[in-house]
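Peer 1: what would the 3D arrangement of this be:
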Amino acid sequence: MKNLHLEHPEDMILEGNVKVFDALYETAHLSLKMDGAPAVVFGTHPENGKFFVGTKSVFNKKKDMICYTVEDVFRKYDRKTHYSLIRVLINCILNLPKVDGIIQADFIGVGGSNIYRPNTLEYHFPEIVKEKIILAPHTFYKTNTTLLDAVAQPLTPNVYFLSDSDNVKWIQPTVDKVFDDHKPPKVRTDNVTFLTAKEAKIAKTAINQLIKNDVELSDYNLFEILGCNHLVNLYQLILEIKQELMDTFIVYGSPKCYVDGIEIKGEGFVMTTKYGIIKLVDREEFAYANFNNGRFKS
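Peer 2: Presented below is the predicted three-dimensional model:
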């Protein structure tokens, strides 16, 4: 399975990818990242035509974790260690529509409330959810051969789940981009010492550790990691542009979103341009909370 690899724009500059500036100002398809858990993969198996449900482990080459029936779920998952996941997968098998193709969605919860916290963020719906389950679809997989050869692609605006039943509430917000400056800044890189792929990997880990420890991404702290003031300046410039860009986004069709009681637009955004796919996240706000939050308990 060839999955999407989403990079933060500020991380892309570490190895000298200056096209990231063009990408931030480029016309793009935008989608809101939903903070659900677990990730559910479902659809029609390309090799046997059967409807299946599972997690991303359905793409496991060595172990068959594809579930076609409720009995499959109980047979493949231990009730003692995966009780919550079993409940999710059974709910999905019983309630999801038998769609063509293969979809990945974040599981938000089961109906009966208007407040949900599947992971780090808390979602507030305007009224009690009457549908049996709530999912936020965000990725589809294309393949002409086997499941293992499936290629992940973001859902585009023409792919929506408009459920007429009482079973599923689909959450698929739309995002408008309103950005006044249309030309990317001209940057000089002749004095910049970029990192190798190995050095960039180490730097990303160190930066994530700062965020996890609630340490400011100051020029001094970044210089300690990156070792070049000019590279630090480019990194900080991208952070500023990214924040200005996200501040202009207008989100439609999403429940209100809170982190630690503070209302925010959401976990972040996925931006698909001709330069590739990048993720826009306020790392010092959401990522800190995410790093220090207990993940979905299977």
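Peer 1: which strand residues bridge the nearest residue to Glu263 once chain neighbours are set aside?
Peer 2: Nearest residue to Glu263 in three dimensions, chain neighbours excluded: Lys256, at 6.2 Å (C-beta to C-beta, 6 or more residues apart in numbering). For every residue, glycine as well, the C-beta is placed using N, CA and C. Beta-bridge pairing of Lys256, defined through DSSP bridges, involves His124.
Peer 1: wait, Lys256 sits on Tyr123?
Peer 2: Yes - with contact taken as C-beta atoms under 8 Å, Lys256 and Tyr123 are classed as touching, separated by 7.1 Å.
Peer 1: more neighbours, these two?
Peer 2: Neighbours were tallied for Lys256 and for Tyr123 using other C-beta atoms under 10 Å; the higher tally belongs to Tyr123 (23 against 14).
Peer 1: how near is the more buried one to Leu210?
Peer 2: For Tyr123, the distance to Leu210 (C-beta to C-beta, to the nearest Å) stands at 28 Å.
Peer 1: same question, Lys63
Peer 2: The span separating Lys63 from Leu210 equals 36 Å under the rule C-beta to C-beta.
Peer 1: so which of those two has more stuff around it?
Peer 2: Set side by side, Lys63 and Leu210 show more neighbours around Leu210, with 19 against 8, by other C-beta under 10 Å.
Peer 1: is that one within a helix or a strand, and which one?
Peer 2: Taking DSSP states H and E as the definition, Leu210 sits inside helix 197-212.
Peer 1: so which elements touch that helix?
Peer 2: Helices and strands touching helix 197-212, as assessed by 3 or more C-beta pairs under 8 Å, 6 or more residues apart in numbering; DSSP states H and E, comprise helix 9-12, helix 219-226, helix 288-291.
Peer 1: just name the most buried of these.
Peer 2: Counting by mean count of other C-beta atoms under 10 Å, helix 9-12 has the highest mean neighbour count of the helices and strands packed on helix 197-212, with a mean of 22.
Peer 1: show me the helices in the stretch 51-200 of the chain, by range?
Peer 2: 70-76, 83-95, 197-212 (DSSP state H, counting those that start in this stretch).
Peer 1: just say which of those helices is most tucked in.
Peer 2: Of all the helices of the stretch 51-200 of the chain, helix 83-95 carries the top mean neighbour count, a mean of 18, counting by mean count of other C-beta under 10 Å.
Peer 1: show me how far it is from its chain's centre.
Peer 2: On the basis of C-alpha atoms, centre = their mean, to the nearest Å, helix 83-95 is displaced by 21 Å from the centre of the chain it belongs to.
Peer 1: what residues does that helix touch?
Peer 2: 38, 40, 42, 53-55, 67, 69-70, 73-74, 77, 79, 107, 110, 132-133, 135, 167-168, 296-298 (C-beta atoms under 8 Å, 6 or more residues apart in numbering).
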